[in-house]
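Q: okay, predicted coordinates and the sequence, questions at the end:
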Amino acid sequence: MNHVVGNKTFRGLSYLFSQLPKSEKWLHVITMTWVIYQIVTAFGMHVQGDTSHTQITSVDELHMYGGLGLMFVGLIFFIVVIHRRRLTDLYPWAFGKFGAIQQDVRALLRWHLPEPQHGGLAATVEGLGLLALFLAIFTGAWWFVLFAKGSALAPDFLSFHKTAVGAIEVYVYGHGIFALLHLATWWRR
């Protein structure tokens, strides 16, 4: 019985990623796994605005260097996504295009999960996730550089970074919930 459930779950996960090119599927998995790793290591950190270099722990270093690595993976992921989509698909609101988003919201209000479309809710959420990811990465990278130089601005960037991380955490949880909803809808079919 467990083999049947496991096999169906694997087919369901394949369904969730069915519309993505293979390279993007792997980059998505790598990026999400890395982001979750960063969130988990952040729970073990105790860095504050007045933390000195000598107070940095190995968990802090794992998180900081992991974030620098995520910057490169995130950039590759963004380039691959932009190669497949247009900026107007990911950020239609920035171009004054709300039609597809409105259609998707109407579908949700009728308790239907909308199908992905150009400039729709799914694409917009993907674009917002990429913005949240880069906001967290770049504020963390700037903090790291300023902290290493002993700059008085380092505590401010640490504060910006912690706020930005809140956005990516909300995105990860929301993204996961919607993935589970899509999986449940597929499972019922």
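A: Good, I have the coordinates.

Q: CA only for contacts and neighbour counts going forward, please
A: OK.

Q: ok, A42 touching E61?
A: No - with contact defined as Cα atoms under 8 Å, A42 does not count as touching E61 (10.4 Å).

Q: looking at these two, which is more packed in?
A: Counted by other Cα atoms under 10 Å, A42 and E61 do not tie: A42 has more neighbours, with 18 against 13.

Q: where does the more buried one sit: helix, strand or coil?
A: helix (DSSP: H, G, I helix; E, B strand; the rest coil).

Q: which residues does R106 contact?
A: By Cα atoms under 8 Å, 6 or more residues apart in numbering, no residues touch R106.

Q: give me the distance between it and F95.
A: 21 Å (Cα to Cα, to the nearest Å).

Q: how about V80?
A: 21 Å.

Q: any idea how far the residue nearest the centre of the chain is from L90?
A: The geometric centre of the chain, computed from its C-alpha atoms, lies nearest to G129 (Cα atoms, centre = their mean), at 4.7 Å. Computed as Cα to Cα, the G129 to L90 distance reads 10 Å.

Q: contacting residues for A148?
A: When contacts are taken as Cα under 8 Å, 6+ apart, A148 is in contact with H53.

Q: ok, and the closest non-adjacent residue to L158?
A: Distances taken as Cα to Cα, 6 or more residues apart in numbering place W143 nearest to L158, at 5.6 Å, with adjacent residues excluded.

Q: what about that neighbour, helix or strand, and which?
A: Assigned by DSSP states H and E, W143 belongs to helix 121-149.

Q: which of the residues in the very next helix or strand once past that helix are buried?
A: Moving toward the C-terminus from helix 121-149, the next helix or strand (DSSP H and E) is helix 154-188. Neighbour-count burial for helix 154-188 flags 154-155, 157-161, 164-165, 167-169, 171-172, 175, 182-183 (criterion: 16 or more other Cα atoms under 10 Å).

Q: same for helix 154-188, what does it pack against?
A: Here helix 154-188 touches helix 2-16, helix 121-149, going by 3 or more Cα pairs under 8 Å, 6 or more residues apart in numbering; DSSP states H and E.
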